[in-house]
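> Sequence and computational prediction follow.
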Amino acid sequence: MTKKVHITEVVLRDANQSQIATRMPRSDFEDILETMDQAGYYSLEVWGGATFDSCLRYLDEDPWDRLRFIRSKVKNTKLQMLLRGQNILGYKHYSDETVRAFVRKSVENGIDIIRIFDALNDPMNMATAIDECLKAGGHAQGTICYTTSPVHTFESYVELGKKLESMGCNSICIKDMAGIMSPKACYDLVTELKKDLKIPVYVHSHTTTGLAPMTLLKAIEAGADGVDTAISIFSGGTSHMSTESLVYALEEMGYDTGVNLKVCQKINDHFKPVQARFLKEGGLNPSVLTTKIDALNYQIPGGMLSNLISQLTAVDKLDQLDKVLEETPRVRKDMGYPPLVTPMSQMVGTQAVTNVLTGERYKMISNEVKAYCRGEYGKSPAPISAELMKKALGDQKPFEGRFDDTIEPEFPAAKAYLGDLAESEEDVLSYVAFPQQAEKFLKERQEKKALKVSYTIQEVQ
Ligand code: CO
(Lines give C-alpha, C1' and ligand atoms only; values in the text may rest on other atoms or scores of the structure.)
Protein backbone atom coordinates (compact mmCIF):
# COMPACT_ATOMS: atom_id res chain seq x y z
CA MET A 1 0.00 0.00 0.00
CA THR A 2 1.29 3.45 -0.87
CA LYS A 3 1.89 5.42 2.24
CA LYS A 4 0.36 8.87 2.23
CA VAL A 5 2.50 11.78 3.45
CA HIS A 6 0.86 15.13 4.09
CA ILE A 7 2.71 18.20 2.89
CA THR A 8 2.10 21.57 4.54
CA GLU A 9 3.33 24.52 2.47
CA VAL A 10 4.63 27.30 4.73
CA VAL A 11 5.75 30.00 2.30
CA LEU A 12 3.09 32.47 3.41
CA ARG A 13 3.80 32.13 7.13
CA ASP A 14 6.97 30.53 8.40
CA ALA A 15 9.20 30.96 5.32
CA ASN A 16 7.98 34.55 5.10
CA GLN A 17 8.77 34.96 8.80
CA SER A 18 12.15 33.18 8.75
CA GLN A 19 13.66 34.76 5.66
CA ILE A 20 12.10 38.19 5.25
CA ALA A 21 10.95 39.06 8.79
CA THR A 22 7.26 38.53 7.82
CA ARG A 23 7.20 41.54 5.50
CA MET A 24 5.38 39.92 2.57
CA PRO A 25 2.34 42.04 1.69
CA ARG A 26 -0.87 40.54 0.36
CA SER A 27 -0.15 41.99 -3.09
CA ASP A 28 2.79 39.59 -3.38
CA PHE A 29 0.65 36.47 -3.19
CA GLU A 30 -2.97 37.34 -3.97
CA ASP A 31 -2.68 36.25 -7.60
CA ILE A 32 -1.22 32.83 -6.84
CA LEU A 33 -3.61 31.63 -4.11
CA GLU A 34 -5.99 29.86 -6.47
CA THR A 35 -3.05 28.01 -8.04
CA MET A 36 -1.74 27.08 -4.59
CA ASP A 37 -5.16 25.64 -3.85
CA GLN A 38 -4.68 23.28 -6.82
CA ALA A 39 -1.25 21.95 -5.80
CA GLY A 40 -2.51 19.10 -3.63
CA TYR A 41 -1.05 20.27 -0.34
CA TYR A 42 -2.59 18.86 2.81
CA SER A 43 -2.63 22.36 4.23
CA LEU A 44 -1.27 25.86 3.78
CA GLU A 45 0.20 27.59 6.78
CA VAL A 46 -0.88 31.17 6.21
CA TRP A 47 -1.61 32.95 9.47
CA GLY A 48 -0.62 33.35 13.08
CA GLY A 49 2.93 33.50 14.33
CA ALA A 50 4.30 36.94 13.53
CA THR A 51 1.96 37.60 10.57
CA PHE A 52 -0.68 39.29 12.70
CA ASP A 53 1.72 41.75 14.34
CA SER A 54 3.48 42.42 11.05
CA CYS A 55 0.22 43.17 9.19
CA LEU A 56 -0.68 45.91 11.68
CA ARG A 57 2.83 47.20 12.36
CA TYR A 58 4.47 47.23 8.95
CA LEU A 59 2.08 46.27 6.16
CA ASP A 60 -0.95 48.46 6.87
CA GLU A 61 -3.16 45.41 6.46
CA ASP A 62 -6.02 44.16 8.58
CA PRO A 63 -4.83 40.66 9.56
CA TRP A 64 -8.41 39.36 9.75
CA ASP A 65 -9.13 40.70 6.31
CA ARG A 66 -5.98 39.04 5.01
CA LEU A 67 -7.20 35.71 6.39
CA ARG A 68 -10.71 36.11 4.93
CA PHE A 69 -9.21 37.01 1.57
CA ILE A 70 -6.99 33.91 1.56
CA ARG A 71 -10.00 31.78 2.55
CA SER A 72 -12.03 33.23 -0.33
CA LYS A 73 -9.37 32.09 -2.82
CA VAL A 74 -8.35 28.81 -1.17
CA LYS A 75 -11.51 26.73 -1.18
CA ASN A 76 -10.20 23.16 -1.03
CA THR A 77 -6.96 23.15 0.92
CA LYS A 78 -6.98 23.36 4.69
CA LEU A 79 -5.72 26.61 6.16
CA GLN A 80 -3.43 26.43 9.13
CA MET A 81 -2.18 28.89 11.71
CA LEU A 82 0.33 28.95 14.53
CA LEU A 83 -0.92 30.04 17.95
CA ARG A 84 1.16 30.63 21.05
CA GLY A 85 -1.34 29.13 23.51
CA GLN A 86 -2.06 31.52 26.34
CA ASN A 87 0.03 34.22 24.56
CA ILE A 88 -2.28 33.97 21.50
CA LEU A 89 -0.20 35.97 18.99
CA GLY A 90 1.26 38.44 21.45
CA TYR A 91 4.17 38.29 23.82
CA LYS A 92 2.51 38.01 27.24
CA HIS A 93 -0.23 35.91 28.80
CA TYR A 94 -3.87 36.83 28.19
CA SER A 95 -7.04 35.93 30.05
CA ASP A 96 -8.86 32.70 29.21
CA GLU A 97 -11.75 34.76 27.79
CA THR A 98 -9.43 36.46 25.30
CA VAL A 99 -7.77 33.20 24.31
CA ARG A 100 -11.19 31.65 23.68
CA ALA A 101 -12.49 34.62 21.69
CA PHE A 102 -9.35 34.70 19.57
CA VAL A 103 -9.46 30.99 18.81
CA ARG A 104 -13.18 31.09 17.99
CA LYS A 105 -12.76 34.07 15.66
CA SER A 106 -9.77 32.44 13.94
CA VAL A 107 -11.90 29.42 13.06
CA GLU A 108 -14.89 31.59 12.08
CA ASN A 109 -12.72 33.61 9.71
CA GLY A 110 -11.40 30.55 7.91
CA ILE A 111 -8.76 28.63 9.85
CA ASP A 112 -9.09 24.81 9.84
CA ILE A 113 -6.04 23.70 11.81
CA ILE A 114 -4.56 25.50 14.79
CA ARG A 115 -1.07 24.45 15.79
CA ILE A 116 -0.98 25.35 19.47
CA PHE A 117 2.28 25.57 21.31
CA ASP A 118 3.73 26.94 24.49
CA ALA A 119 7.24 28.31 24.70
CA LEU A 120 7.82 26.39 27.92
CA ASN A 121 6.04 23.18 26.81
CA ASP A 122 3.70 23.72 29.76
CA PRO A 123 0.44 21.86 28.88
CA MET A 124 -1.56 24.17 31.14
CA ASN A 125 -0.63 27.07 28.87
CA MET A 126 -2.13 25.21 25.88
CA ALA A 127 -5.24 23.80 27.58
CA THR A 128 -7.65 26.72 27.04
CA ALA A 129 -6.75 27.16 23.36
CA ILE A 130 -7.06 23.41 22.68
CA ASP A 131 -10.42 23.22 24.41
CA GLU A 132 -11.85 26.21 22.54
CA CYS A 133 -10.46 25.05 19.17
CA LEU A 134 -12.26 21.73 19.58
CA LYS A 135 -15.48 23.49 20.63
CA ALA A 136 -15.28 25.78 17.59
CA GLY A 137 -14.97 22.76 15.28
CA GLY A 138 -11.30 23.30 14.47
CA HIS A 139 -8.49 20.76 14.31
CA ALA A 140 -6.35 21.22 17.41
CA GLN A 141 -2.74 20.30 16.82
CA GLY A 142 -0.78 20.05 20.07
CA THR A 143 2.88 20.90 19.89
CA ILE A 144 6.09 19.62 21.37
CA CYS A 145 8.75 22.33 21.10
CA TYR A 146 11.97 20.49 20.47
CA THR A 147 15.10 21.72 22.13
CA THR A 148 18.13 20.21 23.80
CA SER A 149 19.09 20.84 27.41
CA PRO A 150 19.87 18.78 30.49
CA VAL A 151 16.14 18.77 31.36
CA HIS A 152 14.67 18.07 27.91
CA THR A 153 14.88 14.30 27.69
CA PHE A 154 13.42 11.83 25.21
CA GLU A 155 11.04 10.63 27.93
CA SER A 156 9.85 14.16 28.67
CA TYR A 157 8.80 14.61 25.03
CA VAL A 158 6.97 11.28 24.92
CA GLU A 159 5.14 12.20 28.14
CA LEU A 160 4.14 15.55 26.67
CA GLY A 161 2.86 13.83 23.51
CA LYS A 162 0.67 11.50 25.59
CA LYS A 163 -0.56 14.40 27.69
CA LEU A 164 -1.56 16.40 24.58
CA GLU A 165 -3.44 13.40 23.18
CA SER A 166 -5.27 12.98 26.48
CA MET A 167 -6.24 16.65 26.31
CA GLY A 168 -8.16 15.93 23.09
CA CYS A 169 -5.68 17.08 20.42
CA ASN A 170 -6.44 15.84 16.90
CA SER A 171 -2.75 15.56 16.06
CA ILE A 172 0.72 16.29 17.41
CA CYS A 173 3.49 18.37 15.92
CA ILE A 174 7.14 18.08 16.82
CA LYS A 175 8.30 21.63 16.30
CA ASP A 176 12.02 21.96 15.69
CA MET A 177 12.11 25.73 15.34
CA ALA A 178 15.91 25.93 15.46
CA GLY A 179 16.59 23.10 13.00
CA ILE A 180 18.69 21.26 15.56
CA MET A 181 16.81 17.95 15.66
CA SER A 182 19.10 15.28 14.25
CA PRO A 183 17.82 12.59 11.88
CA LYS A 184 18.37 9.95 14.54
CA ALA A 185 16.72 11.86 17.38
CA CYS A 186 13.75 12.52 15.12
CA TYR A 187 13.51 8.91 13.96
CA ASP A 188 13.54 7.65 17.54
CA LEU A 189 11.01 10.19 18.78
CA VAL A 190 8.55 9.70 15.92
CA THR A 191 8.86 5.91 16.24
CA GLU A 192 8.02 6.10 19.93
CA LEU A 193 5.17 8.59 19.50
CA LYS A 194 3.64 6.53 16.67
CA LYS A 195 3.74 3.52 18.98
CA ASP A 196 2.17 5.28 21.94
CA LEU A 197 -0.35 7.60 20.27
CA LYS A 198 -3.41 7.04 18.11
CA ILE A 199 -3.39 10.53 16.58
CA PRO A 200 -1.24 11.63 13.60
CA VAL A 201 2.27 12.98 14.17
CA TYR A 202 3.66 15.90 12.14
CA VAL A 203 7.21 17.21 12.00
CA HIS A 204 8.28 20.81 11.53
CA SER A 205 11.96 21.63 11.08
CA HIS A 206 14.15 24.44 9.70
CA THR A 207 17.14 24.10 7.35
CA THR A 208 19.30 26.40 9.50
CA THR A 209 21.91 23.75 10.29
CA GLY A 210 21.44 21.71 7.12
CA LEU A 211 19.99 18.73 8.99
CA ALA A 212 16.34 19.21 8.04
CA PRO A 213 16.16 17.30 4.72
CA MET A 214 17.66 14.21 6.41
CA THR A 215 15.59 14.73 9.53
CA LEU A 216 12.33 14.97 7.59
CA LEU A 217 13.14 11.88 5.55
CA LYS A 218 13.87 9.90 8.73
CA ALA A 219 10.64 11.26 10.23
CA ILE A 220 8.72 9.87 7.29
CA GLU A 221 10.54 6.54 7.45
CA ALA A 222 9.57 6.35 11.12
CA GLY A 223 5.93 6.81 10.15
CA ALA A 224 5.32 10.56 10.49
CA ASP A 225 2.02 11.51 8.88
CA GLY A 226 3.21 14.79 7.44
CA VAL A 227 5.90 17.43 7.31
CA ASP A 228 6.25 21.16 6.57
CA THR A 229 8.12 22.48 3.54
CA ALA A 230 8.55 25.77 1.66
CA ILE A 231 8.37 26.37 -2.07
CA SER A 232 11.98 26.22 -3.29
CA ILE A 233 12.69 29.91 -3.95
CA PHE A 234 11.86 30.64 -0.29
CA SER A 235 13.47 27.46 1.08
CA GLY A 236 16.83 26.81 2.72
CA GLY A 237 18.85 28.64 5.36
CA THR A 238 16.71 29.75 8.27
CA SER A 239 13.60 28.66 6.33
CA HIS A 240 12.60 25.09 5.47
CA MET A 241 13.36 22.21 3.18
CA SER A 242 12.15 22.84 -0.36
CA THR A 243 8.75 21.41 -1.18
CA GLU A 244 9.66 20.26 -4.67
CA SER A 245 12.83 18.41 -3.58
CA LEU A 246 11.01 16.43 -0.90
CA VAL A 247 8.05 15.62 -3.12
CA TYR A 248 10.42 14.49 -5.89
CA ALA A 249 12.36 12.21 -3.53
CA LEU A 250 9.28 10.78 -1.83
CA GLU A 251 7.41 10.02 -5.04
CA GLU A 252 10.43 8.08 -6.31
CA MET A 253 10.47 6.10 -3.07
CA GLY A 254 6.83 5.16 -3.50
CA TYR A 255 5.17 7.59 -1.09
CA ASP A 256 2.06 9.49 -2.10
CA THR A 257 2.25 13.20 -1.26
CA GLY A 258 -0.64 14.23 -3.47
CA VAL A 259 1.42 17.26 -4.51
CA ASN A 260 1.63 18.10 -8.20
CA LEU A 261 5.14 19.25 -9.15
CA LYS A 262 3.92 21.02 -12.29
CA VAL A 263 1.70 23.23 -10.15
CA CYS A 264 4.62 23.76 -7.76
CA GLN A 265 6.61 25.08 -10.69
CA LYS A 266 3.98 27.73 -11.36
CA ILE A 267 3.95 28.70 -7.70
CA ASN A 268 7.72 28.92 -7.63
CA ASP A 269 7.79 31.00 -10.82
CA HIS A 270 5.36 33.39 -9.17
CA PHE A 271 7.53 33.85 -6.07
CA LYS A 272 10.86 34.21 -7.91
CA PRO A 273 10.48 37.95 -8.63
CA VAL A 274 9.12 38.48 -5.11
CA GLN A 275 12.26 36.95 -3.63
CA ALA A 276 14.46 38.91 -6.06
CA ARG A 277 12.83 42.18 -4.97
CA PHE A 278 13.36 41.48 -1.26
CA LEU A 279 16.97 40.55 -1.99
CA LYS A 280 17.55 43.72 -4.02
CA GLU A 281 15.87 46.04 -1.51
CA GLY A 282 17.62 44.53 1.52
CA GLY A 283 14.54 42.90 3.05
CA LEU A 284 16.22 39.55 2.54
CA ASN A 285 19.69 39.43 4.06
CA PRO A 286 21.73 36.81 2.15
CA SER A 287 23.31 35.68 5.43
CA VAL A 288 20.05 33.95 6.45
CA LEU A 289 20.36 31.75 3.37
CA THR A 290 23.55 29.95 4.29
CA THR A 291 23.90 26.85 6.44
CA LYS A 292 24.91 27.77 9.98
CA ILE A 293 26.28 24.77 11.80
CA ASP A 294 26.92 26.98 14.86
CA ALA A 295 23.19 26.84 15.52
CA LEU A 296 23.77 23.29 16.77
CA ASN A 297 25.67 24.89 19.65
CA TYR A 298 23.78 28.15 19.97
CA GLN A 299 20.31 26.74 19.22
CA ILE A 300 19.19 29.97 17.64
CA PRO A 301 15.96 29.53 15.66
CA GLY A 302 15.68 31.01 12.17
CA GLY A 303 13.46 33.95 13.02
CA MET A 304 15.55 34.77 16.06
CA LEU A 305 18.84 34.79 14.19
CA SER A 306 17.52 37.23 11.57
CA ASN A 307 16.10 39.38 14.41
CA LEU A 308 19.43 39.48 16.24
CA ILE A 309 21.16 40.49 13.02
CA SER A 310 18.65 43.30 12.41
CA GLN A 311 18.79 44.49 16.06
CA LEU A 312 22.57 44.74 15.90
CA THR A 313 22.56 46.26 12.40
CA ALA A 314 20.15 48.97 13.59
CA VAL A 315 22.69 50.18 16.16
CA ASP A 316 25.65 49.54 13.86
CA LYS A 317 27.04 46.77 16.09
CA LEU A 318 26.91 43.76 13.80
CA ASP A 319 30.55 43.12 14.71
CA GLN A 320 29.25 42.03 18.16
CA LEU A 321 27.21 39.16 16.69
CA ASP A 322 29.64 36.43 17.78
CA LYS A 323 29.63 37.70 21.37
CA VAL A 324 25.83 37.78 21.35
CA LEU A 325 25.71 34.24 20.00
CA GLU A 326 27.97 33.13 22.86
CA GLU A 327 25.99 35.03 25.49
CA THR A 328 22.63 33.65 24.34
CA PRO A 329 23.06 30.08 25.73
CA ARG A 330 24.35 31.52 29.01
CA VAL A 331 21.23 33.66 29.40
CA ARG A 332 19.11 30.67 28.47
CA LYS A 333 20.75 28.56 31.16
CA ASP A 334 20.17 31.32 33.75
CA MET A 335 16.51 31.39 32.74
CA GLY A 336 16.07 27.64 33.33
CA TYR A 337 16.52 26.42 29.73
CA PRO A 338 13.35 27.71 28.05
CA PRO A 339 13.06 26.48 24.45
CA LEU A 340 14.07 29.37 22.17
CA VAL A 341 10.77 30.07 20.56
CA THR A 342 8.53 33.16 20.68
CA PRO A 343 8.27 34.86 23.12
CA MET A 344 11.18 33.20 24.94
CA SER A 345 13.50 33.61 21.95
CA GLN A 346 12.93 37.39 21.97
CA MET A 347 13.32 37.60 25.74
CA VAL A 348 16.54 35.58 25.78
CA GLY A 349 17.88 37.24 22.60
CA THR A 350 17.18 40.81 23.69
CA GLN A 351 18.69 40.11 27.11
CA ALA A 352 21.81 38.65 25.49
CA VAL A 353 22.12 41.71 23.22
CA THR A 354 21.64 44.03 26.23
CA ASN A 355 24.20 42.11 28.29
CA VAL A 356 26.79 42.42 25.51
CA LEU A 357 26.09 46.03 24.51
CA THR A 358 25.99 47.39 28.08
CA GLY A 359 29.14 45.45 28.93
CA GLU A 360 27.60 44.16 32.17
CA ARG A 361 25.36 41.12 32.61
CA TYR A 362 21.82 41.98 33.78
CA LYS A 363 22.61 45.66 34.29
CA MET A 364 19.31 46.20 32.50
CA ILE A 365 16.48 43.62 32.57
CA SER A 366 13.36 43.88 30.44
CA ASN A 367 9.89 43.92 32.01
CA GLU A 368 9.15 40.64 30.20
CA VAL A 369 12.11 38.86 31.78
CA LYS A 370 11.07 40.23 35.17
CA ALA A 371 7.52 38.92 34.62
CA TYR A 372 8.97 35.56 33.59
CA CYS A 373 10.95 35.45 36.81
CA ARG A 374 7.76 36.23 38.75
CA GLY A 375 6.18 33.12 37.15
CA GLU A 376 3.78 34.95 34.83
CA TYR A 377 4.67 32.77 31.84
CA GLY A 378 4.17 29.45 33.60
CA LYS A 379 6.72 27.01 34.90
CA SER A 380 10.33 27.29 33.71
CA PRO A 381 11.74 23.89 32.61
CA ALA A 382 14.54 24.14 35.21
CA PRO A 383 14.89 26.57 38.12
CA ILE A 384 15.95 30.13 37.23
CA SER A 385 19.44 31.03 38.49
CA ALA A 386 19.57 32.66 41.91
CA GLU A 387 21.67 35.52 40.52
CA LEU A 388 19.11 36.41 37.86
CA MET A 389 16.19 36.06 40.30
CA LYS A 390 17.89 38.43 42.72
CA LYS A 391 18.70 40.99 40.02
CA ALA A 392 15.23 40.78 38.44
CA LEU A 393 13.04 40.70 41.54
CA GLY A 394 15.11 42.03 44.41
CA ASP A 395 13.22 40.94 47.52
CA GLN A 396 9.94 40.36 45.66
CA LYS A 397 8.59 36.79 45.81
CA PRO A 398 7.64 34.89 42.63
CA PHE A 399 3.95 34.17 41.93
CA GLU A 400 2.45 30.87 43.07
CA GLY A 401 -0.36 28.98 41.31
CA ARG A 402 -1.81 29.61 37.82
CA PHE A 403 -1.12 33.24 36.98
CA ASP A 404 -3.66 33.22 34.12
CA ASP A 405 -6.52 32.81 36.62
CA THR A 406 -5.69 36.25 37.97
CA ILE A 407 -5.84 38.06 34.60
CA GLU A 408 -8.99 40.16 34.14
CA PRO A 409 -10.77 39.75 30.78
CA GLU A 410 -9.26 42.38 28.46
CA PHE A 411 -12.16 42.57 26.02
CA PRO A 412 -14.78 44.78 27.79
CA ALA A 413 -12.36 47.61 28.60
CA ALA A 414 -10.82 47.47 25.13
CA LYS A 415 -14.26 47.64 23.48
CA ALA A 416 -15.30 50.60 25.63
CA TYR A 417 -12.02 52.40 24.95
CA LEU A 418 -12.17 51.95 21.18
CA GLY A 419 -15.80 53.04 20.79
CA ASP A 420 -16.68 53.44 17.11
CA LEU A 421 -13.07 52.84 16.04
CA ALA A 422 -13.84 49.15 16.36
CA GLU A 423 -16.28 47.88 13.78
CA SER A 424 -16.18 44.25 14.83
CA GLU A 425 -15.18 41.86 17.58
CA GLU A 426 -12.09 41.13 15.46
CA ASP A 427 -11.01 44.78 15.67
CA VAL A 428 -11.25 44.66 19.46
CA LEU A 429 -9.17 41.47 19.51
CA SER A 430 -6.53 43.13 17.32
CA TYR A 431 -6.38 45.91 19.89
CA VAL A 432 -6.19 43.49 22.83
CA ALA A 433 -3.26 41.69 21.16
CA PHE A 434 -1.38 44.75 19.88
CA PRO A 435 -2.83 47.94 21.43
CA GLN A 436 -0.57 50.59 19.90
CA GLN A 437 -0.34 49.10 16.44
CA ALA A 438 -4.04 48.28 16.25
CA GLU A 439 -5.17 51.69 17.49
CA LYS A 440 -2.99 53.42 14.92
CA PHE A 441 -4.28 51.11 12.21
CA LEU A 442 -7.94 51.57 13.20
CA LYS A 443 -7.59 55.37 13.38
CA GLU A 444 -6.02 55.53 9.95
CA ARG A 445 -8.72 53.28 8.59
CA GLN A 446 -11.38 55.60 9.98
CA GLU A 447 -9.63 58.66 8.53
CA LYS A 448 -9.38 57.02 5.14
CA LYS A 449 -13.09 56.22 5.24
CA ALA A 450 -13.94 59.81 6.28
CA LEU A 451 -11.88 61.11 3.37
CA LYS A 452 -13.69 58.79 1.03
CA VAL A 453 -17.09 60.00 2.28
CA SER A 454 -16.24 63.70 1.88
CA TYR A 455 -14.80 62.98 -1.52
CA THR A 456 -18.04 61.28 -2.57
CA ILE A 457 -20.15 64.16 -1.23
CA GLN A 458 -18.06 66.62 -3.19
CA GLU A 459 -18.50 64.62 -6.33
CA VAL A 460 -22.26 64.58 -5.90
CA GLN A 461 -22.34 68.31 -5.39
CO1 CO B 1 9.07 27.32 12.39
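Okay, I see it. Residues are numbered from 1 along each chain as shown.

> C-alpha only now, for contacts and for neighbours.
Noted.

> number of nearby residues for residue 275?
Other residues near residue 275 come to 18 when the count uses other C-alpha atoms under 10 Å.

> quick one, phi/psi of it?
Per-residue torsions, residue 275: phi -60, psi -40 (degrees, to the nearest 10).

> Tell me how far the most centrally placed residue in the chain lies from residue 215.
Residue closest to the average C-alpha location in the chain (C-alpha atoms, centre = their mean): residue 49, at 3.5 Å. Relative to residue 215, residue 49 is positioned 23 Å away (C-alpha to C-alpha, to the nearest Å).

> Mean confidence (pLDDT) on stretch 238-256, please.
The average of the pLDDT scores along stretch 238-256 is 97.

> Pull the residues that contact that stretch.
Residues external to stretch 238-256 that are found in contact with it (C-alpha atoms under 8 Å, 6 or more residues apart in numbering): 2-5, 7, 9, 14-15, 18-19, 205-208, 212-213, 228-236, 257, 259, 261, 264, 288-291, 301-303.

> Show me what counts as buried in it.
Within stretch 238-256, the residues scored as buried using 16 or more other C-alpha atoms under 10 Å are 238, 239, 240, 241, 242, 243, 244, 246, 247, 250, 255, 256.

> Next: stretch 286-298.
Those would be 288, 289, 291, 292, 295, 296, 298, for stretch 286-298 by 16+ other C-alpha under 10 Å.

> care to break the protein down by domain?
Domains of the chain are assigned by automatic domain parsing as 6-281, 286-404, 410-460.

> out of those, deepest packed?
Most buried of the domains of the chain by mean neighbour count (mean count of other C-alpha atoms under 10 Å) is domain 6-281; its value is a mean of 21.

> For that one, measure first residue to last.
End residues of domain 6-281 are separated by 35 Å (C-alpha to C-alpha).

> Equivalent analysis for stretch 308-321, please.
8 Å.

> just to revisit the earlier point, widest-spaced pair of the buried residues of stretch 286-298?
Of all pairs drawn from those, the greatest distance, 17.3 Å, lies between 289 and 298 (C-alpha to C-alpha).

> related to what we said a few turns ago, the buried residues of stretch 238-256 into TSV, with extra columns for distance to residue 452?
Output for the buried residues of stretch 238-256, formatted as TSV (distance: C-alpha to C-alpha, whole Å):
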residue	distance to residue 452
238	43
239	41
240	43
241	46
242	44
243	44
244	45
246	49
247	49
250	53
255	55
256	52
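
> want to throw those residues into JSON lines with distance to residue 385 and secondary structure?
Below are these laid out as JSON lines (distance: C-alpha to C-alpha, whole Å; DSSP: H, G, I helix; E, B strand; the rest coil):
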{"residue": "238", "distance to residue 385": "30", "secondary structure": "coil"}
{"residue": "239", "distance to residue 385": "33", "secondary structure": "coil"}
{"residue": "240", "distance to residue 385": "34", "secondary structure": "coil"}
{"residue": "241", "distance to residue 385": "37", "secondary structure": "coil"}
{"residue": "242", "distance to residue 385": "40", "secondary structure": "strand"}
{"residue": "243", "distance to residue 385": "42", "secondary structure": "helix"}
{"residue": "244", "distance to residue 385": "46", "secondary structure": "helix"}
{"residue": "246", "distance to residue 385": "43", "secondary structure": "helix"}
{"residue": "247", "distance to residue 385": "46", "secondary structure": "helix"}
{"residue": "250", "distance to residue 385": "46", "secondary structure": "helix"}
{"residue": "255", "distance to residue 385": "48", "secondary structure": "coil"}
{"residue": "256", "distance to residue 385": "49", "secondary structure": "strand"}
